[in-house]
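A.B. asks: Here is a sequence together with a model predicted from it:
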Amino acid sequence: MVMFWVSVLAISMLLYLLLDGFDLGVGMLLGLTRNEASRTIMLRTIAPFWDGNETWLIVAAVVLWSAFPVVYATALSALYVPVVVMLAGLVLRGVSFEFRNEAQRRWIWDLCFAGGSLAASFMQGVMVGALVEGLQFTDGRYSGGAFGWTTSFAMLCGVGLCFGYALLGACWLVRKSDGQIRALAHRAMPVLATAVLAFLVVVFLHALNKHLPIMHRWIDRPYLLVFPAIGGVAASILALSILRQDDRWPFRMVTLIFVSAFGTLALSFWPYMIPFAITIDSGAAPYSSLAFMFWGAGLFVYPLMLLYAVVGYRVFRGKLEPAAYRHHRSGNAHGGARDSLHPAENDANVRLGSASRPR
Amino acid sequence: MDSSALLLSRLQFAFTISFHIIFPAFSIGLAAWLALLEAKHLRTGNAVYRTLFQFWLKIFGVAFGLGVVSGVVMAFQFGTNWSVLSNMSGPIQGPLLSYETFTAFALEAGFFGVLIWGRTRVSPWFYFFSTAMVALGTTLSAFWIMVNNSWMQVPVGYVVQNGQFVPDDWTTIIFNSVVWSRFPHMLLASYLTGAFCVASTGAWYLLRGKSRAEALIMLRMGLVLAALLMPVQLGFGHLVGDYVHDFQPAKFAAIEGRWRAEQPASEVVIALPDPVHETNTYEIKIPVLGSIIGSMSMTSKEVGLTDFPAQDRPPVLIPFATFRIMVGCGLIMLVLAWLGSYLSVTHRLERSRLLLWSIFLSFPLPFIAILTGWYTAEVGRQPWTVYGVLRTDQAMTPFLTAGTALSSLILFGAVYLFIFSFGTLFIYRLLRDGPSRHATALPYDATPGRPMSLAGGDAAASILLPAGE
């Protein structure tokens, strides 16, 4: 039962990383262009997905709370400041998406969108870094204070995750768009990819160097090295596909790199959930709680949610329709930026239409 | 333990939840209203219902979106500011909120997509079915939230093991007796919010002489719905009062403003409670009525606040005042709904501009009633977070400092005020422009917009509703 919920938690977190990762990345890349129409197209590529993606954060949070309450309480209270800043960033970003169509001065909401994405990404990286580095505990209670997470390693992880998300975002743009935006993303990819790979190597070495117990784990069970190895292969294919200006492979390979990094990290600290303080078994909720969730939510609803996510992505697969770059073709007479907030009427076209109109 | 950190954390929770609760309550009501409109359209084929549907769908979308983002914050706040509570009650509250998130995700996110882009792609019956499923999803979310909050008000079905509340009997927890008065009370409050917002929008349009056909339908349907639901709501309100009387006598005494036990007890109508001297000033009270309300008896003895040690008493002034404001709003709404329905039946509604103005200006009343109702329930149960078991000052994150709590309060305050102003402006603009601009149905070649957009997160959102203050 505990293993089932660990897996659900891991899947949800990984899905969140990958899915919200690319749209946070696109949010940060918004700063690359000052062109209004380009920004609108960039946002259009993530429009149908972003808040479905963000929901996985909530799913991960409630699963963590119900299946591992101690871990939830400890990690969130110790990481108070990063959590709060991340939430503020996500809130600003979420409403900007809806509000920018409405606003007279779009730059305010573009700024909130890019800034919110950056703040949320950086803080997520910082939190992972702080957990890996090890928080300060006395008698099983956190004792590091409000800024116990501010180590240089955690900051490095924050920057690293921003690069990682931005790379995912660039690969997504290449996959979903044409013309200027695609060219822009192709130019950004080599830089971002180099930064991410350099960062991953540094982190891996740092973790090995700092925590000797981990080194033993890797030496004792060399087959675990399959994860970093997969990452390495993916990185080479990524490099090739970037050189060949391919549209589909970069996103797949970056996804694979993220998965292998996630796997490497998880295996390094197994069975700890908060490294060297709380293990999976000591953090688990009582059996009655886990079983209650398993028979309803776990067995039936969770697979349904996964299926729903897959269907959502299937429906919107492929590049943006060329029509989306032109003007409205809908029969609606009203038009106007205000209407475009809501998807109820062909919002893609209206959005772009309103953007390309002189204001 | 830092007492100013405690106060700041409580303020932060109260602030974020007050902001948050408005939107889910509104969207639960609107989801039901949308389902009703779609059903009417299916039955009558009248295009006006379609126009209204498209119009209110947009407003529903915005309310939903604001509920989602404000909800994300609530989910995490338990862990950041109330880590002792989230550790202790995680085995019970966690699964309940998981069910809330999972069911909301599956139903609302799934079918909301159909509402947004499915009009021309699915059969009318399936479209109606999707509307109903979205309404069901929001209702189920509210149900799980109310189960969760009711457990904190009247904890049952658990044992304490290793410093955690371990569930012992899930049936008892879910079918907690108080859920069956509190959940309908909240649900009806949401429906009434929807009904009154729709009716006052209709009144507004009539006063401005625009969209007359749509305005009349909104006004009539809203008023009749409110006229029918309001008495039922008062009945459930009374049942909620019964549970407070039986399970939370100190809260009951605070609401009643009763300092000393009385037999038979009188009912304080208006007063200014004075906690220092443990008495009321400017008091107006009715003899014996207190016993009738409390126990349906002419002679019962009703307890007073001084029967409890000072450290176990809730603050008096807030529950005393908010309860009266809530009931006052309810009574005004009842009068407006009945009077309006009567004039509507006798075809004099349109001419009565005074009543139209009153109905238009009444749109904040349901929101005020919901907020004050929650303040009564949540402030009244102090000093407990889990009633009778875990005190609020013990539930807070132990090492939280006032400085940290203050900076997060300021940050959230600034962000919320910023987005709240713009969100309100946006809903106002949509309402001001009216349904006429949305008269057309979807064009056939519509590109699917954003199926999951606005939808996915309510899960998150609703997590936040009412947990402990």
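C.D. replies: Thanks, I have it.

A.B. asks: B:S200 touches B:S362, doesn't it?
C.D. replies: Yes - with contact defined as CB atoms under 8 Å, B:S200 reaches B:S362; the gap is 5.9 Å. Any C-beta I mention is one placed from the backbone N, CA and C, and that applies to glycine too.

A.B. asks: Pick out whichever of those two has more residues nearby.
C.D. replies: Higher neighbour count among B:S200 and B:S362: B:S200, with 26 against 22, using other CB atoms under 10 Å in any protein chain shown.

A.B. asks: which one is the more buried one nearest to, not counting chain neighbours?
C.D. replies: Of all residues beyond its chain neighbours, the one nearest B:S200 is B:F363 (4.0 Å), with distances taken as CB to CB, 6 or more residues apart in numbering or on different chains.

A.B. asks: what does B:G290 give?
C.D. replies: B:A265 (3.4 Å).

A.B. asks: Now do the SS call for the one you found.
C.D. replies: With DSSP: H, G, I helix; E, B strand; the rest coil as the basis, the three-state label of B:A265 is coil.

A.B. asks: how near is it to B:S70?
C.D. replies: Using CB to CB, to the nearest Å, B:A265 is found at 41 Å from B:S70.

A.B. asks: tell me the average confidence for whichever strand or helix holds B:S190?
C.D. replies: Assigned by DSSP states H and E, B:S190 belongs to helix B:179-208. If you average the pLDDT over helix B:179-208, you get 91.

A.B. asks: Pull out the buried positions in it.
C.D. replies: B:179, B:181-206 (16 or more other CB atoms under 10 Å in any protein chain shown).

A.B. asks: could you say what helices and strands it packs with?
C.D. replies: Applying 3 or more CB pairs under 8 Å, 6 or more residues apart in numbering or on different chains; DSSP states H and E, one finds that helix B:179-208 contacts helix B:3-44, helix B:124-153, helix B:212-247, helix B:317-345, helix B:353-361, helix B:365-380.

A.B. asks: In CSV: those, plus mean neighbour count.
C.D. replies: Shown next, in CSV, are these (neighbours: other CB atoms under 10 Å in any protein chain shown):
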stretch, mean neighbour count
helix B:3-44, 21
helix B:124-153, 22
helix B:212-247, 19
helix B:317-345, 19
helix B:353-361, 17
helix B:365-380, 22
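
A.B. asks: between those, which gets nearest to chain A?
C.D. replies: Closest approach to chain A among these is made by helix B:3-44 (9.7 Å; CB to the nearest CB).

A.B. asks: so does the next helix or strand after that closest one get close to chain A?
C.D. replies: As assigned by DSSP H and E, the chain's next helix or strand after helix B:3-44 is helix B:47-81. Yes - Helix B:47-81 reaches chain A (CB under 8 Å from any CB of the partner chain) through B:54, B:57-58, B:61-62, B:65-66, B:68-70, B:72-73, B:75-76, B:78-81.

A.B. asks: what is the rounded mean pLDDT of helix B:47-81?
C.D. replies: Helix B:47-81 shows a mean pLDDT of 84.

A.B. asks: Tell me the buried residues in that helix?
C.D. replies: B:48-81.

A.B. asks: chain center to it, what's the gap?
C.D. replies: In terms of CA atoms, centre = their mean, to the nearest Å, the centre of helix B:47-81 is set 14 Å apart from its chain centre.

A.B. asks: before we move on, what about stretch A:229-241?
C.D. replies: 20 Å.

A.B. asks: Any buried residues in it, and which?
C.D. replies: Neighbour counts over stretch A:229-241 (16+ other CB under 10 Å) mark A:230-232, A:234-235, A:237-239, A:241 as buried.

A.B. asks: any chance of those in a markdown table, with secondary structure and distance to A:I46 too?
C.D. replies: Listed next are the buried residues of stretch A:229-241 as a markdown table, based on DSSP: H, G, I helix; E, B strand; the rest coil; distance: CB to CB, whole Å:
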| residue | secondary structure | distance to A:I46 |
| --- | --- | --- |
| A:I230 | helix | 27 |
| A:G231 | helix | 25 |
| A:G232 | helix | 29 |
| A:A234 | helix | 23 |
| A:A235 | helix | 25 |
| A:I237 | helix | 25 |
| A:L238 | helix | 21 |
| A:A239 | helix | 26 |
| A:S241 | helix | 22 |
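
A.B. asks: For B:L7, state which of those is nearest.
C.D. replies: B:L7 lies nearest to A:G231 out of the buried residues of stretch A:229-241, by CB to CB, at 48.7 Å.

A.B. asks: so that closest one touches A:L200, yeah?
C.D. replies: Yes - contact criterion CB under 8 Å: A:G231 and A:L200 qualify, at 7.2 Å.

A.B. asks: residues shared between the contacts of these two?
C.D. replies: Listed as contacting both A:G231 and A:L200 by CB atoms under 8 Å, 6 or more residues apart in numbering or on different chains are A:257, A:261.

A.B. asks: any idea which helix or strand of chain B has the worst average confidence?
C.D. replies: One helix or strand of chain B scores below all others by mean pLDDT, DSSP states H and E: helix B:458-463, with a mean of 34.

A.B. asks: just for the stretch 301-450 of chain B, where's the confidence low?
C.D. replies: Along the stretch 301-450 of chain B, the model assigns pLDDT under 70 to residues B:436-450.

A.B. asks: Which strand or helix spans the residue of the stretch 101-250 of chain A found nearest chain B?
C.D. replies: The stretch 101-250 of chain A approaches chain B most closely through A:A146 (4.4 Å), counting by CB to the nearest CB. Secondary structure assigned from DSSP H and E places A:A146 in neither a helix nor a strand.

A.B. asks: That one - how many residues pack around it?
C.D. replies: Residues near A:A146, counting by other CB under 10 Å, number 18.

A.B. asks: quick one: contacts for it?
C.D. replies: Here A:A146 is in contact with A:80-81, B:401, B:403-404 (CB under 8 Å, 6+ apart).

A.B. asks: Which members of those are classed as buried?
C.D. replies: A:80-81, B:401, B:404.

A.B. asks: So which of those residues belong to helices?
C.D. replies: Among the buried ones among the contacts of A:A146, the members falling in helices (DSSP state H) are A:80-81, B:404.

A.B. asks: so where is the stretch 251-359 of chain A shaky, pLDDT-wise?
C.D. replies: A:321-359.

A.B. asks: Please enumerate the strands of it.
C.D. replies: A:272-274, A:278-279 (DSSP state E, counting those that start in this stretch).

A.B. asks: looking at the ones you listed, which is closest to B:L425?
C.D. replies: strand A:272-274 (43.4 Å).

A.B. asks: what about the closest one, distance to the chain center?
C.D. replies: That offset, for strand A:272-274, works out to 21 Å (CA atoms, centre = their mean).

A.B. asks: Show residues contacting it.
C.D. replies: For strand A:272-274, the surrounding residues in contact (CB under 8 Å, 6+ apart) are A:68, A:71, A:74-75, A:131, A:135, A:278-280, A:283.
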